[in-house]
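Trainee: based on what follows, work out the 3D shape:
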Amino acid sequence: MSQREGMELDTDLISDVYPFWPYFSNVISNEHVHSMTDITRGGLASGLNDIARASNVLIEIEETKIPIKEQTQAVCDILGLEVMEISSEGKAVVVVDKDHADKILEELHKHDLSKDASIVGYIKSNPPGEVHVITEIGGTRLLDKPYGEPIPRVC
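Mentor: Numbering: from 1, shown residues only. Modelled structure (predicted):
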């Protein structure tokens with residue numbers, strides 16, 4: 001997007017377009033995985049909202065636990081984009097039984113492309129169908145599903 005707008009940015013960011021299969025094959029077949037969605041379209045915000053609405057649960061995440069590169073946040077700030085709404089090819093949200101989350105995380109950490117995977121939140125019951133973000137300063141904000149697409153389709 002920066003190039004389309006004629007902006008020259010000095011960053012070491014590289015494409016995140018990767019296939020899921022190499023590092024999610026063992027996760028997909030795990031009986032303790034309740035739900036999983038890629039976050040290509042609409043980013044983390046869309047993926048979490050899709051799961052919360054389909055499952056009729058509240059998803060509460062901690063902003064500081066989301067693995068976002070500083071450069072990515074900086075570019076989003078410059079371009080006026082919400083970092084949780086941008087496309088993230090080759091990344092996913094996985095809802096796992098809390099008693100088995102560490103084991104699945106350990107499996108993901110075996111692969112270079114998912115080495116930054118982390119537990120960012122928890123499932124709660126009320127209010128159902130919403131996603132709440134606990135902010136860095138301890139407040140809570142609603143993370144809604146993006147309206148439209150902030151950037152053109154990538155696939």
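Trainee: and the helices in the protein?
Mentor: Secondary structure of the chain, counting by DSSP state H: helices at 21-28, 43-55, 70-79, 101-109.
Trainee: quick one: closest of those to Lys124.
Mentor: helix 43-55 (9.9 Å; C-beta to C-beta). For the C-beta atoms, the positions are set from N, CA and C on the backbone; glycine is no exception.
Trainee: which parts of that closest one are buried?
Mentor: 43-52 (16 or more other C-beta atoms under 10 Å).
Trainee: redo the residues you listed as TSV? Include pLDDT and distance to Glu136.
Mentor: Below are those laid out as TSV (pLDDT from 0 to 100; distance: C-beta to C-beta, whole Å):
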residue	pLDDT	distance to Glu136
Gly43	91	19
Leu44	94	16
Ala45	95	17
Ser46	93	22
Gly47	94	21
Leu48	97	18
Asn49	96	21
Asp50	95	25
Ile51	96	23
Ala52	97	22
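Trainee: any stretches of the protein with poor pLDDT?
Mentor: For the chain, the stretches with pLDDT under 70 are 1-5, 9, 12-18, 148-155.
Trainee: what residue lies at the spatial centre of it?
Mentor: For the chain, the residue nearest the mean C-alpha position is Leu44 (3.4 Å; C-alpha atoms, centre = their mean).
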